[in-house]
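K.L.:
Quick one, fold the following:
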Amino acid sequence: MTKVAWLTGIWSLALAGALGNASCTSEPPVEQCFLPGDEDGNGLADCDDATCWRANGECKEKCDDQPNDEDADGTFGCDDPDCWVKDGTCAEACTDGKDEDGDGAVDCADSDCWVKDGGCPESCVGGNDEDGDGAVDCADSDCWTQGAGCAEQCSGGNDEDADAATDCFDSDCMGKPECTESCTGGKDEDVDNLVDCDDPDCLLDPACVPSFDADVKPIFQKHCAGQACHIEGIGAGLFVVTKYDDMLKPSMACAGKQKGECALIRIKEGSMPKDCVGCVKPDDIAVIQAWVDGGLAP
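P.N.:
Below is the predicted model:
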């Protein structure tokens with residue numbers, strides 16, 4: 001063997017060994033995160049490959065329901081604030097103090113949370129149905145508590161202001177239309193156990209004022225027109241108690257009064273009917289009084 005051939009053989013063996021060693025020790029291919037293609041051959045390219053998920057990297061969080069932290073900030077999906085954008089895919093959680101849907105309203109301030117049994121309490125102001133029960137503000141019984149600011153409605157049987165007094169039994173309702181005796185209809189609107197004309201509130205109501213012909217005349221006729229007193233043609237005082245026109249004439253016995261008024265005064269003081277003190281019963285006197293107070297209606 002010549003020296004040249006021997007050297008060539010030695011070089012060939014060395015080269016073959018070097019190449020063999022190189023193929024055993026070279027680094028595996030690395031995913032190039034921003035070059036198209038799956039460089040490391042694992043079936044995942046670029047930001048789909050976890051190799052590319054690094055803090056402050058270029059991969060953006062995918063706001064889906066997969067437990068992948070593409071931007072490597074320790075949170076993923078809708079737990080990642082990067083996903084809290086308006087018209088995004090994240091729904092408001094309603095209880096964590098965060099604005100997951102990015103609409104500027106947090107938890108129970110977000111109308112997305114106003115659903116029945118959703119955990120949001122009625123705020124009692126603002127005109128919203130936060131608890132989703134179909135009743136708004138003071139129409140919601142959740143608001144019928146001390147300090148909630150709800151006023152008694154005076155009808156309906158509810159204690160809206162939570163003062164243990166309901167409707168017309170609540171002093172807040174005194175004088176309101178719902179609690180004023182109507183004087184007709186057979187109802188006790190002001191809840192004083194007196195109905196219509198039996199209620200003193202109706203004393204001067206047109207529906208309750210006695211008339212002369214129907215109510216007062218029979219009383220006068222019974223007690224004042226007997227024994228030649230106050231009857232047609234004769235009688236003290238020169239007036240007939242059964243004639244309405246006479247009742248309106250000025251009285252000589254009661255200065256400044258009409259004869260109808262004077263008759264009431266004389267009955268109450270006991271000077272009429274003559275020799276019969278107490279003959280006119282209190283209920284009849286009350287009728288005459290109501291007639292006088294109501295303007296001596298015919």
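K.L.:
Mind telling me what element the residue nearest to Phe220 when sequence neighbours are not counted is part of?
P.N.:
Nearest residue to Phe220, sequence neighbours excluded (CB to CB, 6 or more residues apart in numbering): Val241, at 3.8 Å. From N, CA and C alone the C-beta is placed, and that goes for glycine too. Secondary structure assignment for Val241, by DSSP states H and E: no helix or strand.
K.L.:
Give me the neighbour count for Gly43.
P.N.:
Using other CB atoms under 10 Å, Gly43 has 8 neighbouring residues.
K.L.:
got a pLDDT number for it?
P.N.:
Listed pLDDT for Gly43 reads 90.
K.L.:
ditto for Ala228
P.N.:
53.
K.L.:
hmm, back to that, and the residue nearest to Phe220, how far is that from Leu264?
P.N.:
Distance from Val241 to Leu264, counting by CB to CB, to the nearest Å: 12 Å.
K.L.:
ranges for the helices of the stretch 151-298 of the chain?
P.N.:
For the stretch 151-298 of the chain, the helices defined by DSSP state H, counting those that start in this stretch cover 217-224, 244-247, 259-269, 282-293.
K.L.:
Counting neighbours, go ahead and name the busier of Val241 and Leu264.
P.N.:
Val241 (24 against 20).
K.L.:
Which pLDDT value belongs to the more buried one?
P.N.:
On pLDDT, Val241 comes in at 77.
K.L.:
got it, and the one 3 residues further on?
P.N.:
Tyr244 carries a pLDDT score of 91 in this model.
K.L.:
Counting neighbours, what do you get for it?
P.N.:
As a burial measure, Tyr244 scores 16 neighbours (other CB under 10 Å).
K.L.:
before we move on, what about the one 4 residues further on?
P.N.:
Taking other CB under 10 Å as the criterion, the count of residues near Leu248 is 15.
K.L.:
Show the pLDDT at it.
P.N.:
92.
K.L.:
Report the residue spans of the stretch 51-200 of the chain with pLDDT below the cut-off.
P.N.:
The model of the stretch 51-200 of the chain has no residue with pLDDT under 70.
K.L.:
Give me the distance between the closest residue to Lys268 other than its chain neighbours and Thr95.
P.N.:
Nearest-residue entry for Lys268: Ile285, 6.5 Å, with adjacent residues in sequence omitted and distances by CB to CB, 6+ apart. The gap separating Ile285 from Thr95 is 73 Å, by CB to CB.
K.L.:
Can you verify my assumption that the residue nearest to Phe220 contacts Lys222?
P.N.:
No - using CB atoms under 8 Å, Val241 makes no contact with Lys222, being 9.9 Å away.
K.L.:
And the residue nearest to Lys268, how close does it get to Phe220?
P.N.:
Distance from Ile285 to Phe220, counting by CB to CB: 12 Å.
K.L.:
same deal with Pro67?
P.N.:
Between Pro67 and Phe220 the distance, using CB to CB, works out to 101 Å.
K.L.:
Compare those two (neighbour count), which wins?
P.N.:
Each of Pro67 and Phe220 has its neighbours counted (other CB under 10 Å); Phe220 has more, 24 against 8.
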